[in-house]
Structure formats: C-alpha cells, structure tokens
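J.: would you be able to build a 3D model of this:
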Amino acid sequence: MNPYVLTLFLFSLGLGTTLTFASSHWLLAWMGLEINTLAIIPLMAQHHHPRAVEATTKYFLIQATAAAMILFASTTNAWLVGEWNITYLSHPIATTMTMMGLALKMGLAPLHFWLPEVLQGLDLTTGLILSTWQKLAPFALLIQTAPMINPTLMTLLAISSTLMGGWGGLNQTQLRKILAYSSIAHLGWMIIIIQFTPQLTLLALGIYIIMTTTAFLTFKFSTTTKINTLALTWSKNPTMTVTAALTLLSLGGLPPLTGFMPKWLILQELTKQGLPLTATLAALSALLSLYFYLRLCYATTLTISPNTNNSTTPWRLPNTQTALPLAVLTTTTILLLPITPAIMALTY
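T.: Residues are numbered from 1 along each chain as shown. Next up, the predicted model:
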C-alpha cells in the first residue's frame, strides 16, 4: 500500500477514536465510530486474498449493524426523553439496545461469533489493530453509559464472555483464533467490574492492550500463525521462545506475571461488593483460558527437536521488524506485578 494512503487511513483511525472520546452528543460519537470502521476496512482488504475479503465483508456488515443499533437507540432515547447527551441515556429500551450494540461492536458473548472468523482472515498487523485500537471507542461510550445500564444484563454478558472465551479457545490450532477468544474472555473481565469501579476497567484494558500487542508482535517476529510452527521458534531465537511462553502465561493471568494483576484486583473488588458467586464463576472461567495458554506454552517450549513436524521454516524469510518495541513490551508484560500499589495509587 502507498505510504501516503496508509498514513491517511491510520490518521483517520485516530480521528474516529478521538472524535468518539471527545463527544458528548450521540450523533458525533456515532460519526466517530463510523470513521473508525471505514478507515480500517481498506487496511483489512489490502492483501487481495479471498479470506481477507471475506473477513472484511463480515466485519463491515457486523459493524454497520452495531452502529445502526446504537444510532437507533440514541434516537429512541432522544424521542422519548428529549435529550441527545450521552450521559442522559435513561430509557430502559434505549439503554438495553445501546448495550447490545456496543457488545456486538466489541465482540462480547453471545454476540462474539464474528470475531474469531474475522481475525483469522487478517494478517497479524491488522489483527493487532482490530484487537486493541478498535476497542477504545466503544469502551469510551460504555464507560459513560455504564451507570444507566441494567447491572444484571452487564453481569450476564460479562460471565458469558469469560466462559465462551475460555471454551472457544480449547480446540483451536490457529493462533489468531486463540487470540480472538482470549480477547472475548478479557472483555468479560473488563465488563464485569465496569459498573462498580471504572478505573479497574481502564487498568484491565491497558494491561490487555500491552499483553496482546506483545503476543502479536512475537508471532509476527517469527512469522507464526499456527501452533505447529510456534513449536519451531526455538531454532530462530531461543530467548524469544522463553519470553513468548511467559507472555502467553501472563495473558492467562498466572502469578507472578503482569496479567495476574487485573484479575486479582477485579476478584477483590467483586468480593468487596458482596458478589462471591460472580467472583467464583469468573475465577473458574479463567482456568479454561489458562488451559489453552498452557497448551501453547507446551508447544513452544517442550516440543523441541527431535520432533515430527511437517511445517515449513518461515524464519528463512527476511524479517524487517525492529526488536526494541517487542523487548520493551515483553518486559512490561512480564514484570509489572510488583509495582501494583504504585499503579493503583495513580489510578484512583
């Protein structure tokens, strides 16, 4: 793709997200979401491959449906209440429709079925943008509207997302689908606490973005998209094999790695709010996610030569990726847990 055209699309992505962040009017927020969607579609379809075109078409239809739901909900609220301000979303029908539209836009269960299929059809760089940056604008709206949304609906969506994200990733062999189900599970953890402590949601979102970026850059560095090629990364870079395993365990939320921090704080807050059953269900669903991360770690670190593997050797292709961002993000992904008190002091 032409560098000037690529710069234009990336600038439009930033513009759409910033517009949604800065707006207090539903129409402006909707415009930001639409600019976001229209900017990423050419990036998704830039590789003229049937899978990429299929993923782009699915994504466009889903995002258009979600944006239409949000616009219809805000129009309904303005008609019934007479207010276009985002924080004045008060009618039950409008709040439920808005929540379902945002859930469809982000990929919350049970509206998550599009996300693994779309992510599977993209290259790792565009998949990274879809998994991280594209979550920011819907989250900005969700944090503003969370106090008005039915808590039972939020809890049901959150628990179903953590469970579906865990179950869905168990039988996958494609890394992009595994990361998609990981995204669904992490979204559930963020949504479960948003009605009580939005600061914890933002902390969990920030750490999720750091960990997911590290995972995507690691797979991009070794040009890996399947588990059986992940098992051969030791031939190219033994150090990266170890850091990749630690990154995956951090995504699973295993102490003493960074990914344990948001789960620990969220379970603590749920217990303080008098919701031990919800906390128990969330903790048990985390075990499902941890299982498929352990599968990836086993494939990465314990199936080294001699092993029977029929895959090609992708590291013979030239790699122009710089290692500095990956090194910084990997360190952050692994070692942030000891400074949890300092992070909490900054957050609250």
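J.: so Pro110, which state does it fall into?
T.: Here Pro110 is recorded as coil under DSSP: H, G, I helix; E, B strand; the rest coil.
J.: tell me how many other residues crowd it.
T.: Neighbourhood size, Pro110 [other C-beta atoms under 10 Å]: 11. Just so you know, the C-beta spots here come from the backbone N, C-alpha and C atoms, and that holds for glycine as well.
J.: in this structure it contacts Ser160, no?
T.: Yes. Counting by C-beta atoms under 8 Å, Pro110 touches Ser160, with 5.8 Å between them.
J.: could you point out which element follows the worst-scoring helix or strand of the chain on mean pLDDT?
T.: Here the helix or strand of the chain ranked lowest by mean pLDDT, DSSP states H and E is helix 233-236, holding a mean of 73. Following helix 233-236 in sequence order, the next helix or strand is helix 238-252 (DSSP states H and E).
J.: helices and strands around that following helix, which ones?
T.: Helix 238-252 is packed against helix 198-221, helix 233-236, helix 276-301, helix 324-335, with contacts defined by 3 or more C-beta pairs under 8 Å, 6 or more residues apart in numbering; DSSP states H and E.
J.: residues touching Ala39, list them.
T.: Counting by C-beta atoms under 8 Å, 6 or more residues apart in numbering, Ala39 makes contact with 9-10, 12-13, 15-16.
J.: ok, which of the helices and strands packed on helix 238-252 comes nearest Ile227?
T.: Closest to Ile227 of these, according to C-beta to C-beta: helix 276-301, at 4.9 Å.
J.: any buried residues in that closest one, and which?
T.: 278-279, 281-282, 285-286, 288-290, 292-293, 295-297, 299-301 (16 or more other C-beta atoms under 10 Å).
J.: stretch 247-256: which residues count as buried?
T.: 247-254.
J.: can you pick out the most distant pair from these?
T.: Using C-beta to C-beta, the two most remote members of the buried residues of stretch 247-256 are Thr247 and Gly253, lying 12.4 Å apart.
J.: coming back round to it: of the helices and strands packed on helix 238-252, which is nearest Ile129?
T.: Nearest to Ile129, of the helices and strands packed on helix 238-252 and by C-beta to C-beta, is helix 198-221 at 9.4 Å.
J.: check which residues of the closest one are buried.
T.: Applying 16+ other C-beta under 10 Å to helix 198-221 flags 198-201, 203-205, 207-221 as buried.
J.: over to stretch 254-273?
T.: Buried residues in stretch 254-273, counted by 16+ other C-beta under 10 Å: 254, 257-263, 265-267, 269-270.
J.: who's in contact with Leu202?
T.: 143, 347.
J.: burial of the closest residue to Ser160 other than its chain neighbours, as a residue count?
T.: In this structure, Ser160 finds its nearest non-sequential neighbour in Ala109, 4.3 Å apart by C-beta to C-beta, 6 or more residues apart in numbering. By other C-beta under 10 Å, 25 other residues sit near Ala109.
J.: just the C-alpha atoms of stretch 266-276, please, in CSV.
T.: Taking C-alpha atoms only, stretch 266-276 is exported to CSV below (Å, rounded to 0.1, in the frame of the first residue of the first chain):
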residue,chain,number,x,y,z
ILE,A,266,-11.2,-7.4,40.0
LEU,A,267,-11.9,-10.5,42.1
GLN,A,268,-11.0,-8.5,45.2
GLU,A,269,-13.5,-5.7,44.2
LEU,A,270,-16.2,-8.2,43.4
THR,A,271,-15.8,-9.8,46.9
LYS,A,272,-16.0,-6.3,48.5
GLN,A,273,-19.2,-5.6,46.6
GLY,A,274,-20.8,-8.8,48.1
LEU,A,275,-20.7,-10.9,44.9
PRO,A,276,-18.8,-14.0,45.8
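J.: as a whole number, average confidence for it?
T.: Stretch 266-276 shows an average pLDDT of 93 in the prediction.
J.: residues making contact with it?
T.: So stretch 266-276 is contacted by 189, 192-193, 196-197, 200, 204, 278-279, 282-283 (C-beta under 8 Å, 6+ apart).
J.: quickly check the residues you listed for the two that are furthest apart.
T.: Thr197 and Ala283 (17.4 Å).
J.: distance between stretch 67-81 and the chain's centre?
T.: 26 Å (C-alpha atoms, centre = their mean, to the nearest Å).
J.: again with stretch 214-233
T.: Its chain's C-alpha centre and that of stretch 214-233 lie 18 Å apart, by C-alpha atoms, centre = their mean.
J.: and it, end to end?
T.: From the first residue to the last, stretch 214-233 extends over 16 Å; the measure is C-alpha to C-alpha, to the nearest Å.
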